[in-house]
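S.K.: Quick one: sequence plus predicted model below, questions after.
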Amino acid sequence: MDSFGGATSGVSKTKTTNNDMKSRIQLAGTVAALATASAVQAEVKINDNLALDGYAIGSGVVTEGTPAKNGPEFVKSAFFYDSAFVGVTGTYNDFTGRVSLFNVVSSANGVASDAGLLDAYVTYKTGNVAITGGQYLGYLGYESFHSVNNAFISFSQATYRSPFATGAKIDYSGEGFSTGFSVRDSQIAATGSFFNGDGEFSNDIGYEAYVMLTSVENLTVFAGAGYEDVDGGTSAYTFDLWASYKINDKLTLAAEYATVEDVTDFSWLTQLSYAVSEEVSVAGRLTGSDGLTGNDAFGYGVASTYTLSPNFAVKGEATLTDNSGASDVFSYALQGIFKF
């Protein structure tokens with residue numbers, strides 16, 4: 001899941017290494033990394049200074065039972081069944097700029113079509129320090145915002161708040177570790193959109209920070225936290241801890257713990273990913289959440305991705321979610337992924 005992009009550099013993120021994976025599409029955001037190597041995309045080099053990347057996905061989904069809470073806060077607890085993305089990254093000397101557009105056609109919880117600007121930022125890098133200003137994705141979360149980079153079509157129960165929002169951040173990459181601090185208009189997505197902040201820089205600014213350790217071979221450990229003093233409400237804290245360990249060249253184990261004030265007491269994810277071959281990968285997942293009002297959930301599932309070509313892959317999954325006080329949910333899905 002890594003060649004598509006994420007938190008710090010570049011444009012494409014494939015499923016190559018944990019750090020690589022999230023690092024291009026979220027160039028401004030999440031420093032997470034997933035360990036599934038298949039459904040990632042490449043990039044189209046326009047010239048020495050410009051590169052283009054993107055994807056389009058279409059899905060067939062069958063769900064039995066009441067749709068369950070499923071997914072990080074910034075995706076409105078939904079799967080992305082059908083969506084499209086395109087991004088352009090430009091470089092000039094020590095500066096990098098990125099702009100991207102995203103459209104989601106439908107999702108598991110009834111959200112209809114929504115489209116908007118995701119990335120819109122400029123980064124200046126000097127030595128090991130990178131300074132970014134504009135709209136970018138937050139740091140928190142093991143799973144990529146872009147589901148094509150994940151082992152599963154659906155998101156886990158792990159809940160955190162780290163949406164796209166506008167502000168500034170500073171990141172430092174050292175030997176065996178990296179860290180960053182971000183100040184933006186919001187730590188909580190604006191009402192009615194899962195990829196914009198509230199646009200207000202008054203007394204409800206959002207703060208976020210992380211530390212990621214990579215000094216132990218094949219092991220990545222991430223700890224991040226966010227805070228926002230919400231207008232007309234209580235302060236909102238969120239915390240996210242995840243680790244990924246590459247057992248061997250084919251097998252990767254990951255685990256995550258997250259909590260959001262007034263949303264969950266805690267939530268978690270455990271995932272094992274195995275690369276059968278260069279074309280085929282499989283994954284198993286256990287995940288759960290302990291809600292504040294007794295809305296607890298426990299889910300488990302399996303998924304597999306078959307990469308037919310560098311630009312096209314097919315992903316399938318079957319998941320079962322047990323919900324306290326609500327119907328259990330069984331779903332299975334097949335998804336076609338075109339990326340470039």
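M.R.: Arrived safely, thanks for sending. Keep in mind that this is a model prediction, so the values were computed, not measured.
S.K.: what packs against the helix or strand harbouring V282?
M.R.: Following DSSP states H and E, one finds V282 within strand 280-291. Helices and strands touching strand 280-291, by 3 or more C-beta pairs under 8 Å, 6 or more residues apart in numbering; DSSP states H and E, are strand 264-275, strand 297-309. The C-beta positions use only the backbone N, C-alpha and C, and glycine is treated the same way.
S.K.: between the one helix or strand I337 maps to and strand 297-309, how many degrees?
M.R.: For I337, the element it lies in under DSSP H and E is strand 329-339. Here strand 329-339 points in a direction 30 degrees away from that of strand 297-309 (axes from the mean of the first three to the mean of the last three C-alpha atoms, to 10 degrees).
S.K.: Let me know the pLDDT of D229.
M.R.: At D229, the model reports a pLDDT of 76.
S.K.: correct me, but it touches E200?
M.R.: No. D229 lies out of contact with E200 (C-beta atoms under 8 Å); the separation is 11.7 Å.
S.K.: neighbour-wise, which of the two wins?
M.R.: D229 (15 against 12; other C-beta atoms under 10 Å).
S.K.: Partner strands of the longest strand belonging to the chain, with direction?
M.R.: For the chain, the strand with the greatest residue count under DSSP state E is strand 50-64. Counting by DSSP bridges, the strands paired with strand 50-64 are strand 44-45 (antiparallel), strand 80-92 (antiparallel), strand 329-339 (antiparallel).
S.K.: So which of those is nearest G138?
M.R.: strand 80-92 (17.3 Å; C-beta to C-beta).
S.K.: and the gap between S156 and G288?
M.R.: Using C-beta to C-beta, to the nearest Å, S156 is found at 9 Å from G288.
S.K.: Those two: who's more crowded?
M.R.: With neighbours defined as other C-beta under 10 Å, S156 and G288 compare such that S156 has more, 28 against 20.
S.K.: In this structure the more buried one contacts L269, no?
M.R.: Yes. Here S156 reaches L269: they are 4.3 Å apart, a contact under C-beta under 8 Å.
S.K.: between these two, what contacts are shared?
M.R.: Residues touching both S156 and L269 comprise E143, E256, R285, T287, with contact defined as C-beta atoms under 8 Å, 6 or more residues apart in numbering.
S.K.: Tell me the most packed of these, by neighbour count.
M.R.: Counting neighbours by other C-beta under 10 Å, E143 comes out on top of the shared contacts of S156 and L269 with 29 neighbours.
S.K.: Perfect, that will be all.
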